[in-house]
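**Student:** Sequence first, then the predicted structure, then my questions.
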Amino acid sequence: MKDIALFYGSYTGVTRDIAKKIVGNLGADKVDLYDIGKDGEKIMEYNILIVGTSTWSIGELQEDWDSFIPKLQKMDFKGKTVALFGTGDQVGYPDTFLDGMGMLYEIFKSHGANIIGFWPIEGYDFTSPLPLYDNENFVGLAIDEDNQPELTDERIKKWCDSIRPIIIQ
């Protein structure tokens, strides 16, 4: 077992593909990859977590994460480091863009996790306050494959470069 795990939930495969790119960037020999719908019980085995979700429909959490929430809300994340990423559509759903990531942030933060990996809002056009850490940053990496796919790889690289010194010793 490695020290770091990435847990994701994905309907269409976009979030899964982003998760694989993040693991590839950080090093597959350093990060275990799990689908929250299949392997959620393993989440407490790790001290460093990367969690990713899409936002579905109009501001809803991806269903595998949504099903896991009752268990997640009973867990204590004190002493654990968590980095988040989310996928969404800022043009079609600007008022709920990345709300799923914001929902997960609230749970992990309220249960004691040390959150890292905030990401600047510059270059995005949305109105939802839920995925925001402050007026300048998202609570995690923001990916919009629907409208900005050409920026995805560069964003992943920069985000991974920013969290790597914290999570990989």
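**Tutor:** Nice, I can see it.
**Student:** model confidence over stretch 23-38, on average?
**Tutor:** Mean pLDDT, computed over stretch 23-38, is 96.
**Student:** mind checking the longest helix of the chain?
**Tutor:** For the chain, the longest helix by residue count, based on DSSP state H, is helix 152-167.
**Student:** who does it touch, helix- and strand-wise?
**Tutor:** helix 14-26, strand 48-56, strand 81-87, strand 114-116, strand 141-143 (3 or more Cβ pairs under 8 Å, 6 or more residues apart in numbering; DSSP states H and E). C-beta coordinates here come from the backbone N, C-alpha and C atoms, glycine included.
**Student:** can you list these in TSV and add mean neighbour count and distance to Q169?
**Tutor:** As requested, those are arranged in TSV below (neighbours: other Cβ atoms under 10 Å; distance: least, Cβ to Cβ, whole Å):
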stretch	mean neighbour count	distance to Q169
helix 14-26	20	13
strand 48-56	26	10
strand 81-87	27	12
strand 114-116	16	14
strand 141-143	27	21
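**Student:** TSV for the ones you listed, including distance to L72?
**Tutor:** Shown next, in TSV, are those (distance: least, Cβ to Cβ, whole Å):
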stretch	distance to L72
helix 14-26	17
strand 48-56	10
strand 81-87	11
strand 114-116	15
strand 141-143	20
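**Student:** of these, which approaches I167 most closely?
**Tutor:** I167 lies closest to strand 48-56 among these, at 4.9 Å (Cβ to Cβ).
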